[in-house]
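Asks: pasted the sequence and its predicted model underneath.
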Amino acid sequence: MKATWNGATIAESNETVVVDGNHYFPADSIKKEHFSQSETHTVCGWKGTASYYDVNVNGDTNKDAAWYYPQAKDDAKNIEGYVAFWKGVEVS
């Protein structure tokens, strides 16, 4: 699987995990130069508290376009630290 935004590949892996229709990429498969930590956090009842990244490509920023669970709840331990995308990031 490959995640792209604004003409750049920002993550690529053969080992994504699909949860709730989203592909979660292993943390080591993201291209860190395109990511900056966001202050945003949301809570999922069964996965835990999500943290977000802004995605930065070619001078453009897609705020909170990626999220991950740094300390997932027990039922979601298989995606702990994995990164998922939305807000126009194409996963194919």
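Replies: Structure's in. What do you need? Numbering: from 1, shown residues only.
Asks: what lies in contact with stretch 28-46?
Replies: For stretch 28-46, the surrounding residues in contact (C-beta atoms under 8 Å, 6 or more residues apart in numbering) are 3, 8-13, 15, 49-57, 63-64, 66-67, 69, 73, 75-76, 83. Every residue, glycine included, has its C-beta placed from N, CA and C.
Asks: show me these that map onto strands.
Replies: Among these, the ones falling in strands (DSSP state E) are 3, 8-12, 49-57, 63-64, 66-67, 83.
Asks: mark which of those are buried, thanks.
Replies: When the ones in strands among the contacts of stretch 28-46 are checked for burial by 16 or more other C-beta atoms under 10 Å, the buried set is 3, 10-11, 50-57, 64, 66-67, 83.
Asks: among those, which two are most distant?
Replies: Maximum pairwise distance among these (C-beta to C-beta): 21.6 Å, between 50 and 57.
Asks: just the element for residue 24, please.
Replies: Element membership of residue 24, judged by DSSP states H and E, is strand 22-24.
Asks: I meant to write residue 40 there.
Replies: With secondary structure defined by DSSP H and E, residue 40 is part of strand 35-44.
Asks: so for stretch 54-74, mean pLDDT?
Replies: In this model, stretch 54-74 has a mean pLDDT of 98.
Asks: quick one: end-to-end distance for that stretch.
Replies: One end of stretch 54-74 to the other measures 27 Å (C-alpha to C-alpha, to the nearest Å).
Asks: just checking: what are the partner strands of the strand holding residue 24?
Replies: Paired neighbours of strand 22-24 in the sheet (DSSP bridges): strand 17-19 (antiparallel).
Asks: in the strand it pairs with, what counts as buried?
Replies: residue 19.
Asks: please apply the same query to stretch 85-92.
Replies: By 16+ other C-beta under 10 Å, the buried positions in stretch 85-92 come out as 85, 89, 91.
Asks: what about stretch 26-44, how long is it end to end?
Replies: Span of stretch 26-44 from end to end, C-alpha to C-alpha: 20 Å.
Asks: good, we can wrap up now.
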